[in-house]
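Student: Provided below are the primary sequence and the corresponding predicted coordinates.
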Number of protein chains: 2
Amino acid sequence: MAAFYGPSTEGGIELIERVPDVTAPTARYPFEVTLHQGAIEAIFLDNMREMGVKVDRPIIPTLIQLSEDQSLLNDPESFPVRVELKHLEPAEGDGDDTEIVNAKYVLGADGAHSWVRKALGIAMEGEQTNYIWGVVDMVPDTDFPDVRNKTAVHSNNGSCMIIPREDDLVRLYIQLGSESVNTTNGRVDKSNLGPEKLLEVAQKSFHPFTFKTPEKFDWWTIYVIGQRVASKFSVKDRVFIAGDACHTHSPKAGQGMNASMNDSYNLVWKLSHVLKGWAGQSLLSTYESERRLYATQLINFDKKFAKLFSGKPRSDIHIDGVSHEEFLMAFQTFGKFTSGTGVHYEESAIVDVRHQSLAPKLTIGERVPPETVVRAADARPYNIQDLLPSDTRFKILVFTGDSSDPSQLAKVEQLADGIEASSSFFTTAASKSMFDFLAISSTSKKNIVYNAIPALFRSHWSKVFIDDVDLTGTVGGHLYSSYGIGSTGAVVVVRPDGYVGTITSLESLPDLNAYFTRFCVQI
Amino acid sequence: MAAFYGPSTEGGIELIERVPDVTAPTARYPFEVTLHQGAIEAIFLDNMREMGVKVDRPIIPTLIQLSEDQSLLNDPESFPVRVELKHLEPAEGDGDDTEIVNAKYVLGADGAHSWVRKALGIAMEGEQTNYIWGVVDMVPDTDFPDVRNKTAVHSNNGSCMIIPREDDLVRLYIQLGSESVNTTNGRVDKSNLGPEKLLEVAQKSFHPFTFKTPEKFDWWTIYVIGQRVASKFSVKDRVFIAGDACHTHSPKAGQGMNASMNDSYNLVWKLSHVLKGWAGQSLLSTYESERRLYATQLINFDKKFAKLFSGKPRSDIHIDGVSHEEFLMAFQTFGKFTSGTGVHYEESAIVDVRHQSLAPKLTIGERVPPETVVRAADARPYNIQDLLPSDTRFKILVFTGDSSDPSQLAKVEQLADGIEASSSFFTTAASKSMFDFLAISSTSKKNIVYNAIPALFRSHWSKVFIDDVDLTGTVGGHLYSSYGIGSTGAVVVVRPDGYVGTITSLESLPDLNAYFTRFCVQI
């Protein structure tokens, strides 16, 4: 939950109200869970190790060179990037500490002070702010009743924010006056400050509630908010940057790591398709167009939000100050960013919106919203998002309409025949592994005959679903209506990252062919 | 889902209807999931190994002797049971293959032909039936559309049942004529039969649908249904039997392993309390009284159900045959057994029903039904069953009523003071580790001040809950009303196995003291 405290008429602060901390109606998990970056990285590293991938550390790049030879750049099999790496702790007997890597592609995910970005001469656009914040992580000893809620405190002594962390830990964000901190080039001089001093500032803001100074602090820092985005995210689609290397903004919505991971998430399936020979290199240009637009939107919003957060509360003295209503509205808009449901990719080679009207509420270019479907063979309910794993495959969802209606089933059979004919995108694709078909019928669970669906659309008995309530009568049955799909059905193409790529009718195989032949390698 | 097939007027069978396979309104998971016994045993064995417990195999008992000396039997520290064990594969150098164990308690969980039961001279009551069934497990190659549903087939060629198993496996139960099978002492002579022959019988029943004979069968057997219960489950509460050693019945509801595991589940927390010195030995007598009654109910129901299942379908020829309606009604009653929600323990030393009227819909002697509560400190929703883990502790749920009402809070504070006073069950208990307090307020999430609840009832900030809808507005807010608890609150004692032990008012500490002093060891 989110709690808001403001100035009390008796001095100090008082509770104004409590509201949901994430307001995003189409979010599947409309809440926040915090886990520190180190723990999340450990999950990735453990998983990579299980798959036989080891991360070498510590290593720094010392040189990056990209060939200017257009024929090399155009050849997907070439290695046009040369990187020199320096091993800072070479193993005994490894001899030279320098390694030369000739790469097809390079991704610089090396943080806000990215060496790769600087080496490529990519500029950061935007500027530093005057907002300076301190952060302390600790197990609090307090009588403050909202210490486990995400709490924003606007006091006449400054603003604070509480972010509950894992176990009993709590993070406090504490606004600092710019006069109290020395900064050089956007970096803060921390020599005169420590967590005890930061907590002293907070203690004034929280009055009359008390936060005792703990025996130890888990972590602390001080930072100046910078709001900047890189002028480009790639050079010739051979070298890319991602994450903090591309964008920096205030950390209060936890979007640093979230936006950054989604950069890579957007890029990797595209790289994977190109490296496997499934897609042409042109696919890669959609990385910058999709992610840079999102970063710009996030930063524009962040500017507004940071200003409200750091501003004085509105009062008789500060009549231009920030009102609670104003702040709350911004806070709630933020739900789209914290939940990720606000991400919208514009029209491109892989976002084809021409038949949006076939499913007006399933927005092409956005994530498939969560909805319950029921598996035809055994009536088990599933969230549709769980049927769309990030396994590099395009999911082709065949909304059959009522498959117990012979004329509707005939259309579905004709589509299956067309897709299996020699000229289709499927037959001519370099690999059939990049496609996964699912059928979703509007027939009820009492009447469905799952094995009447054409075999192409049910490679296994588990591939056929229906739009009906589940056996408990509590979930399901709203899929067609919530997406706006009519009784004549539709074909929905979902990209490997879960975003809707395009929608066509059951009869418009040519549009489906056109979509895939724009970027797929054909045999 | 469950599907029912009956004779078609065109010969063969046809779908009659599909219904939910578990009808148990208060079940948290109202569906069935099948996993074979070996896999479930492996989960237990792996977990035991992690905790440093090893199961020695193969070992058979050769002698069991229970002392007749009453003073020994009454002494919780004595070892009145002598068991001789023979190691069938002794390790090299272990010398003698016989081991003598002097035990405080012995549990014989050694199956339908239990050696322990026979050695103790415990009789099985009830009898064999004439119902003979074959079972085959296989990955089916079929055009039958309900092969992934729990399907009952009543055909004029005999009855069949489909139980979908893990992955693509399916179990077929196939009714056999008693003339086709030779039996001796309830054991079937399988020498003339094999899975191919069993499937041939099924193929006739499934006409016009086909089940091709697979290249391999995963498993198969033939059995005669016996419906018997042991005359007692214990000798002097020092030697116990559990599981198939106590009761045998038809396997079609998967109650063999479920009822058996619940026998042990009922016994182990009681044994644990006695062995730790928390409870007197008299607690152990409730094992037989609670579990033998349940076994008798299960077998009585099973007799009715097996008769319906094995009977001919009603038709013009068999006017006394089983009608679909009759079968369906029995099938749905079975939901109470398959889900476990039908278990009810009668009044005893640990089931005190005198104040049932304080929460008329929270039945004393039954499991706490699933309901959502919301954690006060952060509005996170929980299913109350997840707050009642099987950790050997009695959970004392303090339903405070509206804790923002000073007069109501005063009652809660008085209760806390009383429980902490020198005469209470809590202060005098041999161990405080056997109690876990939780507070559940009816105050809304907007108004709750979780740290206003007395400290005894919130050993951690996560121990206070409220009866309100969660932040999404979809779950919660029905706890007090669904249990029938009024605005004056109540204290609900939940046994370590999740069953309601007793209910008292906030003011009736003497009743709470009486409940625990009946079986707790006091200092």
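Tutor: Structure received. Predicted model, so just to flag it, every value in this text is computed and none were measured.

Student: can you list contacts of stretch A:38-55?
Tutor: Stretch A:38-55 is contacted by residues A:166, A:257 when judged by Cβ atoms under 8 Å, 6 or more residues apart in numbering or on different chains. In short, each C-beta sits where N, CA and C put it, glycine included.

Student: so who does the residue in the stretch 401-523 of chain A positioned nearest to chain B touch?
Tutor: Nearest residue of the stretch 401-523 of chain A to chain B (Cβ to the nearest Cβ) works out as residue A:471 at 4.1 Å. Neighbouring residues of residue A:471 by Cβ under 8 Å, 6+ apart: A:379, A:445, B:1, B:20-22, B:30-31.

Student: any chance of these in CSV, plus neighbour count, distance to residue A:511 and secondary structure?
Tutor: Putting the contacts of residue A:471 into CSV (neighbours: other Cβ atoms under 10 Å in any protein chain shown; distance: Cβ to Cβ, whole Å; DSSP: H, G, I helix; E, B strand; the rest coil) gives the following:
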residue, neighbour count, distance to residue A:511, secondary structure
A:379, 25, 33, coil
A:445, 22, 31, coil
B:1, 24, 36, coil
B:20, 18, 41, coil
B:21, 23, 42, coil
B:22, 22, 44, coil
B:30, 20, 43, coil
B:31, 20, 40, coil
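
Student: from these, which single one is nearest residue B:486?
Tutor: Of all these, residue B:486 sits closest to residue B:30, with 28.7 Å by Cβ to Cβ.

Student: who's in contact with the closest residue to the closest one other than its chain neighbours?
Tutor: Spatial nearest neighbour of residue B:30, chain neighbours left out: residue B:22 (4.8 Å); criterion: Cβ to Cβ, 6 or more residues apart in numbering or on different chains. By Cβ under 8 Å, 6+ apart, the contact list for residue B:22 reads A:471, B:30-32, B:335, B:338-339.

Student: restricted to helices, list those residues.
Tutor: In helices, defined here by DSSP state H, the members of the contacts of residue B:22 are B:335, B:338-339.

Student: now, among those residues, which is nearest to residue A:349?
Tutor: Of the ones in helices among the contacts of residue B:22, the one sitting nearest to residue A:349 (Cβ to Cβ) turns out to be residue B:339, at 51.9 Å.

Student: how far away is the closest one from residue B:464?
Tutor: From residue B:339 across to residue B:464, the span is 30 Å (Cβ to Cβ, to the nearest Å).

Student: looking at these two, which one has more neighbours?
Tutor: Relative neighbour count places residue B:464 above the other of residue B:339 and residue B:464, with 26 against 22, counting by other Cβ atoms under 10 Å in any protein chain shown.

Student: quick one: residues contacting the more buried one.
Tutor: Neighbour list for residue B:464: B:375-377, B:438-441, B:448, B:450, B:453, B:457-458 [criterion: Cβ under 8 Å, 6+ apart].

Student: can you tell me the number of residues neighbouring residue A:33?
Tutor: Residue A:33 has 10 neighbours, counted by other Cβ under 10 Å.

Student: over to residue A:62?
Tutor: Residues near residue A:62, counting by other Cβ under 10 Å, number 13.

Student: quick check: residues of the stretch 351-500 of chain A near chain B?
Tutor: Along the stretch 351-500 of chain A, the residues adjacent to chain B under the rule Cβ under 8 Å from any Cβ of the partner chain are A:377-380, A:445-446, A:449-452, A:461, A:471-472.

Student: mind redoing it with 7 Å?
Tutor: Residues of the stretch 351-500 of chain A found near chain B, taking Cβ under 7 Å from any Cβ of the partner chain as the criterion, are A:377-379, A:445-446, A:449-451, A:461, A:471-472.

Student: strands - which of these land there?
Tutor: Counted as lying in strands by DSSP state E, out of these, is not a single one.

Student: farthest pair in those residues?
Tutor: Greatest spacing in these, by Cβ to Cβ: A:451 and A:472 (25.3 Å).

Student: turn the contacts of residue B:464 into a markdown table, columns for distance to residue B:328, neighbour count and pLDDT.
Tutor: Rendered in a markdown table, the data for those read as follows (distance: Cβ to Cβ, whole Å; neighbours: other Cβ atoms under 10 Å in any protein chain shown; pLDDT from 0 to 100):
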| residue | distance to residue B:328 | neighbour count | pLDDT |
| --- | --- | --- | --- |
| B:375 | 42 | 22 | 98 |
| B:376 | 45 | 29 | 98 |
| B:377 | 47 | 23 | 97 |
| B:438 | 41 | 22 | 98 |
| B:439 | 44 | 24 | 98 |
| B:440 | 39 | 29 | 98 |
| B:441 | 44 | 32 | 98 |
| B:448 | 46 | 26 | 97 |
| B:450 | 48 | 24 | 97 |
| B:453 | 49 | 25 | 98 |
| B:457 | 47 | 23 | 98 |
| B:458 | 49 | 20 | 97 |
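
Student: looking at those residues, spot the one nearest chain A.
Tutor: Proximity of these to chain A, judged by Cβ to the nearest Cβ, is greatest for residue B:377, which lies at 3.8 Å.

Student: for the closest residue to the closest one other than its chain neighbours, list the residues it contacts.
Tutor: Across the structure, with Cβ to Cβ, 6+ apart as the measure, the residue nearest residue B:377 apart from its sequence neighbours is residue A:148 (3.8 Å). Under the criterion of Cβ atoms under 7 Å, 6 or more residues apart in numbering or on different chains, the neighbours of residue A:148 are A:164, B:377-378, B:461.

Student: what helices or strands is the longest helix anywhere in chain A leaning on?
Tutor: For chain A, the helix that runs over the most residues, judged by DSSP H, is helix A:285-310. The elements that helix A:285-310 packs onto, with contact taken as 3 or more Cβ pairs under 7 Å, 6 or more residues apart in numbering or on different chains; DSSP states H and E, are strand A:124-138, strand A:219-230, strand A:247-248, helix A:255-275, helix A:324-333.

Student: kindly recompute the last result at 8 Å.
Tutor: Using 3 or more Cβ pairs under 8 Å, 6 or more residues apart in numbering or on different chains; DSSP states H and E as the contact criterion, the neighbours of helix A:285-310 among helices and strands are strand A:124-138, strand A:158-164, strand A:219-230, strand A:234-235, strand A:247-248, helix A:255-275, helix A:324-333.

Student: can I get these in CSV including mean neighbour count, distance to chain B and mean pLDDT?
Tutor: As requested, the helices and strands packed on helix A:285-310 are arranged in CSV below (neighbours: other Cβ atoms under 10 Å in any protein chain shown; distance: least, Cβ to the nearest Cβ, whole Å; pLDDT from 0 to 100):
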stretch, mean neighbour count, distance to chain B, mean pLDDT
strand A:124-138, 18, 15, 88
strand A:158-164, 22, 6, 93
strand A:219-230, 20, 21, 90
strand A:234-235, 21, 39, 97
strand A:247-248, 28, 29, 92
helix A:255-275, 19, 20, 94
helix A:324-333, 16, 12, 83
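
Student: who are the packing partners of the helix or strand of chain A with the lowest mean pLDDT?
Tutor: One helix or strand of chain A scores below all others by mean pLDDT, DSSP states H and E: strand A:182-184, with a mean of 72. In terms of contact count using 3+ Cβ pairs under 8 Å, 6+ apart, strand A:182-184 is assigned the packing partners strand A:187-189.

Student: need the residues that contact the strand it packs on.
Tutor: Outside of strand A:187-189, the residues that reach it under the criterion Cβ under 8 Å, 6+ apart are A:132, A:181-183, A:222-224.

Student: in the stretch 101-250 of chain A, which residue sits nearest chain B?
Tutor: Per Cβ to the nearest Cβ, the residue of the stretch 101-250 of chain A with the smallest distance to chain B is residue A:148, at 3.8 Å.
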